[in-house]
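S.K.: Provided below for reference: sequence and predicted model.
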Amino acid sequence: MESERIVVAREEGVAHVELAREDRFNAMDAAMFEALGETFRALGSDPAVRAIVLSARGRHFTAGIDLHYASGQLGVGGGEGDPGRAAEARLRHIDWLQDAFNAVENARPPVIAAVHGGCIGAGVDLASACDLRLAAAGAFFQVAEVDVAITADLGTLQRLIHLIPSGIVRELAYTGRRMEAEEALRLGLVNRVEPDRDSLVAAALELAGVIAAKSPLAVVGAKRSLNYSRGRPVEEGLRQVGLWNAATLVGADLAEALEARLAKRDPRFADLDP
């Protein structure tokens, strides 16, 4: 699962994924996208993983897509061959890139992004696919695609609009301006701001540990319901969560939670099935 682009550590139900291309500010090339997709598909289906922290090494969370890689894939400068077939191939490649970040959102356990330094371009796509975001002081978010004449296409426009006001999303997408950590906190994009990267990662791991100690059935059910309800009428969301609880409340977690409360001890929940 690990690669030269990503490092993974695991402890007591928490997986810690680090972007590790710090010599290039964690710019995302094909190897990075491939590693992200493979890592989150594997961790996302691992029954022993109950929460995931995504952080980065080096100066920045990520500088976004590697521009040398992007220029080659997007056919900058033209080229020979049928333009229709070239466009179809380009669409399939964009689908592949999107799938890497979809794997983050579709992971069974919650994913916590710990953002320090710059979170630029595709980094905002990635952070938006996570369940929660924490930031270090001095961090900033920038939908920078407009500055290289690209419409953001890996999830920012579809996900960020459910996290912060539409007008702010439009301003960021149209202008490419930076959103500093304090503004992100005020608008609710991040849950908290920590003084520096070390305290940020520690806080994210602590939060992941709290989540990992809860009933995995209840946490997964909440994530499924929240994701399902996004953009749907309330009635549809209520129907979905009602069906979920009707199916899962007969499981062992509810009995264990109640017994632990009565016995004044910490509950011990079994892993989910593979």
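M.R.: Now that the structure is in, tell me what you want to look at. Residues are numbered from 1 along each chain as shown.
S.K.: residue nearest the centroid of the chain?
M.R.: Centroid check for the chain by Cα atoms, centre = their mean gives residue 130 as the closest residue, at 2.4 Å.
S.K.: doesn't it fall inside a strand?
M.R.: No: using DSSP: H, G, I helix; E, B strand; the rest coil, the assignment for residue 130 is coil, not a strand.
S.K.: wait, doesn't it sit right on residue 114?
M.R.: No: contact criterion Cβ atoms under 8 Å: residue 130 and residue 114 do not qualify, at 9.5 Å. (Glycine included, C-beta is placed from N, CA and C.)
S.K.: so what sits against both of the two?
M.R.: Residues touching both residue 130 and residue 114 (Cβ atoms under 8 Å, 6 or more residues apart in numbering) are residue 54.
S.K.: doesn't residue 39 belong to a strand?
M.R.: No: counting by three-state DSSP, residue 39 is located in no strand; its state is helix.
S.K.: using the three-state scheme, assign the nearest residue to residue 151 once chain neighbours are set aside.
M.R.: Nearest residue to residue 151, sequence neighbours excluded (Cβ to Cβ, 6 or more residues apart in numbering): residue 145, at 6.5 Å. On the three-state scheme (three-state DSSP), residue 145 is labelled helix.
S.K.: quick one, strands of this protein?
M.R.: Taking DSSP state E as the criterion, the chain contains strands spanning 6-11, 14-19, 51-56, 111-115, 118-120, 132-136, 140-142, 178-180, 192-194.
S.K.: and the closest residue to residue 213 other than its chain neighbours, how many neighbours does it have?
M.R.: Leaving aside its chain neighbours, residue 213 sits nearest to residue 266 (7.3 Å; criterion: Cβ to Cβ, 6+ apart). Residue 266 sits with 7 neighbouring residues when counted by other Cβ atoms under 10 Å.
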